[in-house]
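Student: Output the structure for:
(chains A and B)
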Amino acid sequence: MARSRTLSNHARNILFALLEARGGWQHGYELARLAGVKSGTLYPLLIRLEEQGYLQAEWQQPLEGGRPPRHAYRLTAAGEQLARDNPPHGAAAAARAVAI
Amino acid sequence: MSLGTRRRVALLTCRVLQRALPPGLQPWGGAIAQEVAEIDDDDAALRFALHGLFGLAPRIILFQLARPLAALTGRDTRNGGTVDMDLYEVVVRRPQALGTACAVGAVLLGLAYMWAAGAPLRYLGINTGALAVGLGLLALSGGLVGVARRWPGALTLAMGVLLLATGLLGDRSEGAARWVAFGGLFIQPSLILLPAMIVGFARSRNALSAIGLIVAAAAMAIQPDRAMAGMLAAGLAVLAALRPDRWVLPAFAASALAFGITLVRPDTLPAMPYVDQILYSAFDVHALAGLAVLGGSILLVVPAIVGKLYDATHREAYSVFGIVWLAAILAAAIGNYPTPIVGYGGSAVLGYMLSLAMLPTATRACIGAEVSIRDEAPGQQPVDRHLCIGIALTS
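Tutor: Below is the predicted model:
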């Protein structure tokens, strides 16, 4: 069930933070800090992005032994495109200013 | 709260979150729990856990709502599928199931209010009886699909004429003629028929149905009934905004004129106990009674909200359904009008059921191994046995 909606600025920030990772995996807490959103905003958006095929999520074993696996995220190719098409409003304005 | 306590509350929150989430989303609850475990600062960990629970609360609530509803559609929510898909299935295939659950919930809350307010048992019995009749009518729906297919406009026109007849010949009280005596009860035909007429008009319309609504608008001005005239004008205003075609605009103009006339004409009817203006007075009875009335009122518009979110192809019908009942609730909040379903009033229960029957449904067509959802063609909706029984009740 595809539904097209205007992305909120929170969603744009999260996409931008994921895009900045350049294909690398990120964790929830780190992502929340980078995007400047609370976990209550972050996770519903991550779930939706994953359901819509814009995000890959997987459990990763930690580098240090004895610690539990963590959920990690990165954009799919479609997600990267979505992120590029929907930059944060500030970034879009800055890009327009440069273009002018 | 000590540092150790904060950490324990954070972990407990994560456990609650994991348990409450739908099975398909429980790994996300685990993901939050692991992030919380990685955060050194106890305050930050607690905030992360609580915000996570708060943010996912709508999914949890929808899941708990969807479980009984999905059972009605035979869909298993325990394994596979998402809450979104479950609700999508329910709304697209069986919107009446969702609406019925909301109606039953609203009536039960209304009964709780009336019991707390000390209403006569007869009132409770009548509301329960109206619910039973409404459920029976809904269960019998579909038998007159052929009639509705052939004469949808004529049916709306006939209902408009019935409403006009009520205004001209109905039982009068304090200068208003809105009721018809039926089997020892006074029923309000406009509250039974008008919501269904408006929602049906949102689904499909022609010259006859537009005339039917114009006649209904005249009837509301004659009765006079500000609440119902306002409901008609609000429903048609939304439709005019979404789909301003040659049938909608004249009907909307007539309804706006009728509403204006009802505002000018005096309405001296006093408030009826347990019926009118209970949205506020219920809180005087008890906070829980007030919450019951408020919660029941909110339940009435839930099918519209969920339908608008999950059935993109029929947003007009769901928007009109929602605004119609919201208008009725607002009218009850600001004037001496019955609070729909939650207050004592069998007409509103029947009217709600009738308007539910007018919501779109999809039928499943199996083609080979594939199952596809096929929407009914315009004008082929199963308009329904309820309407005719509703007419019978009012004539």
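
Student: Could you find the residue in the stretch 251-395 of chain B that comes nearest to chain A?
Tutor: residue B:312 (6.7 Å; Cβ to the nearest Cβ). C-betas here are computed from N, CA, C, even on glycine.

Student: Excluding sequence neighbours, find me the nearest residue to residue B:194.
Tutor: For residue B:194, ignoring the flanking residues on the chain, the nearest one in space by Cβ to Cβ, 6 or more residues apart in numbering or on different chains is residue B:228 at 5.6 Å.

Student: And residue B:14, by the same measure?
Tutor: residue B:33 (3.8 Å).

Student: So which bits of the host helix or strand of the one you found are buried?
Tutor: Using DSSP states H and E, residue B:33 sits in helix B:26-38. By neighbour count with 16 or more other Cβ atoms under 10 Å in any protein chain shown, helix B:26-38 contains the buried residues B:28-36, B:38.

Student: Looking at those residues, which is nearest chain A?
Tutor: residue B:31 (3.3 Å).

Student: The closest one against residue A:28, yeah?
Tutor: Yes: contact criterion Cβ atoms under 8 Å: residue B:31 and residue A:28 qualify, at 6.1 Å.

Student: Pull up the overlap in contacts between these two.
Tutor: A:43, A:71 (Cβ atoms under 8 Å, 6 or more residues apart in numbering or on different chains).

Student: Show the contacting residues for residue B:96.
Tutor: Residue B:96 sits in contact with B:138, B:141, B:356-357, B:359, B:361, where contact means Cβ under 8 Å, 6+ apart.

Student: Need the three-state assignment for it.
Tutor: Counting by DSSP: H, G, I helix; E, B strand; the rest coil, the backbone at residue B:96 sits in helix.

Student: Also residue B:179?
Tutor: Secondary structure assignment for residue B:179 (three-state DSSP): strand.

Student: which residues of the stretch 51-200 of chain B fall in helices?
Tutor: Counting by DSSP state H, counting those that start in this stretch, the stretch 51-200 of chain B has these helices, from start to end: B:83-93, B:95-117, B:121-139, B:145-150, B:152-169, B:189-203.

Student: quick one: buried residues of the longest one?
Tutor: Spelled out, it's helix B:95-117. Applying a neighbour-count criterion of 16+ other Cβ under 10 Å, one finds B:95-103, B:105-114, B:116-117 buried in helix B:95-117.

Student: chain center to that helix: distance?
Tutor: 11 Å (Cα atoms, centre = their mean, to the nearest Å).

Student: Just want the angle from it to helix B:121-139.
Tutor: 180 degrees (axes from the mean of the first three to the mean of the last three Cα atoms, to 10 degrees).

Student: Could you dump the buried residues of helix B:26-38 into TSV and include pLDDT?
Tutor: Below are the buried residues of helix B:26-38 laid out as TSV (pLDDT from 0 to 100):
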residue	pLDDT
B:28	91
B:29	90
B:30	91
B:31	92
B:32	93
B:33	92
B:34	91
B:35	92
B:36	92
B:38	88
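
Student: on that earlier part again, mean neighbour count, the helices of the stretch 51-200 of chain B: which tops it?
Tutor: helix B:189-203 (a mean of 28; mean count of other Cβ atoms under 10 Å in any protein chain shown).

Student: residue ranges for the strands of chain A, please.
Tutor: Secondary structure of chain A (DSSP state E): strands at A:26-27, A:55-60, A:70-75.

Student: ok so, going back, if we check chain A, which of the contacts of residue B:96 are in contact?
Tutor: Among the contacts of residue B:96, no residue sits close to chain A (Cβ under 8 Å from any Cβ of the partner chain).

Student: For burial, what's the neighbour tally of the closest residue to chain A within chain B?
Tutor: Of all residues in chain B, residue B:55 sits closest to chain A, at 2.7 Å by Cβ to the nearest Cβ. By the criterion of other Cβ atoms under 10 Å in any protein chain shown, residue B:55 has 21 neighbours.

Student: Hmm, it is touching residue A:39, no?
Tutor: Yes: counting by Cβ under 8 Å, residue B:55 does reach residue A:39; the two are 6.5 Å apart.

Student: intersection of neighbour lists for these two?
Tutor: With Cβ under 8 Å, 6+ apart, residue B:55 and residue A:39 have no common neighbours.

Student: confidence score at the nearest residue to residue B:4 once chain neighbours are set aside?
Tutor: Nearest residue to residue B:4 in three dimensions, chain neighbours excluded: residue B:42, at 8.0 Å (Cβ to Cβ, 6+ apart). You'll see residue B:42 listed with a pLDDT of 89.
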